[in-house]
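Engineer: I'd like to go over a predicted model; first the sequence, then the structure.
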Amino acid sequence: MIRILFVCMGNICRSPTAQGVFEYLVSSEELSDAIAIDSAGTYAYHIGELPDARARAAALKRGIDLGNQRARRIMESDFQEFDYVLAMDHENYNDLTEICPSDQAGKLRLFLDFAPELGVREVPDPYYGGSTGFERVLDLVEHASRGLLAAIRQQHGV
């Protein structure tokens, strides 16, 4: 089983969106038995809460249901459990490096590293913006998800 963890700040916008999009992609490729997906936040602001209503609505318009997710905070043990720990932006990446055991550092990456052709490295936080920000997040996440799956297929032969 290949295990993927998406991480943003509060685990209510970007990382649950990435989790939902990647779960949808993995399911459509019939790889759910080979790839497990989760998300977490670097801060404990929203533990136990559903993803942001705007994120859920934007995702649902694309056929992706985020309604079963609940926010949680990342733990140091996640670096042992997951094969990929993917930060949505540099700030969260830097926060993750502070808790990442040195022998697990190779698992930590920026999510958009899997879509270098986009020319951006961060998924912007849509929390304080309008609905178009959530659409932009979905566009970026969908693109990077395809790149991530291609990398997993190449590296792990699934």
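Structural biologist: The structure has been received and is ready for your questions.

Engineer: CA atoms for contacts and neighbours, from now on please.
Structural biologist: Will do.

Engineer: I figured Ile12 hits Ala71, correct?
Structural biologist: Yes - between Ile12 and Ala71 there is a contact under Cα atoms under 8 Å: 6.2 Å.

Engineer: the two: who's more crowded?
Structural biologist: Neighbour count, other Cα atoms under 10 Å: between Ile12 and Ala71, Ile12 has more, with 30 against 23.

Engineer: just confirm that one is within a helix.
Structural biologist: No - looking at Ile12 with DSSP: H, G, I helix; E, B strand; the rest coil, it is coil, so not inside a helix.

Engineer: skipping adjacent residues, who's closest to it in space?
Structural biologist: What sits nearest to Ile12 in space, not counting adjacent residues and going by Cα to Cα, 6 or more residues apart in numbering, is Pro51, at 4.1 Å.

Engineer: contacts only, for the one you found.
Structural biologist: By Cα atoms under 8 Å, 6 or more residues apart in numbering, Pro51 lies in contact with 11-13, 16, 66-67, 69-71.

Engineer: 10 Å instead, please
Structural biologist: By Cα atoms under 10 Å, 6 or more residues apart in numbering, the contact set of Pro51 is 10-17, 57, 66-71.

Engineer: dihedrals phi and psi, it?
Structural biologist: With angles defined as degrees, to the nearest 10, Pro51 shows backbone torsions of phi -60, psi 160.

Engineer: that one and Ser145, how far apart?
Structural biologist: In this view, Pro51 and Ser145 are 19 Å apart by Cα to Cα, to the nearest Å.

Engineer: returning to that earlier point: relative to Tyr43, which of the contacts of Pro51 is nearest.
Structural biologist: Within the contacts of Pro51, the smallest distance to Tyr43 is 5.6 Å, found for Gly10 (Cα to Cα).

Engineer: near the closest one, how many other residues are there?
Structural biologist: Other residues lying near Gly10 total 23 when counted by other Cα under 10 Å.

Engineer: longest helix in the chain, please.
Structural biologist: For the chain, the helix with the greatest residue count under DSSP state H is helix 131-156.

Engineer: so which bits of that one are buried?
Structural biologist: Buried residues in helix 131-156, defined by neighbour count with 16 or more other Cα atoms under 10 Å: 133-138, 140-149.

Engineer: what is the nearest of those to Pro126?
Structural biologist: The closest of the buried residues of helix 131-156 to Pro126 turns out to be Gly133 (Cα to Cα; 4.8 Å).

Engineer: cool, thanks, signing off.
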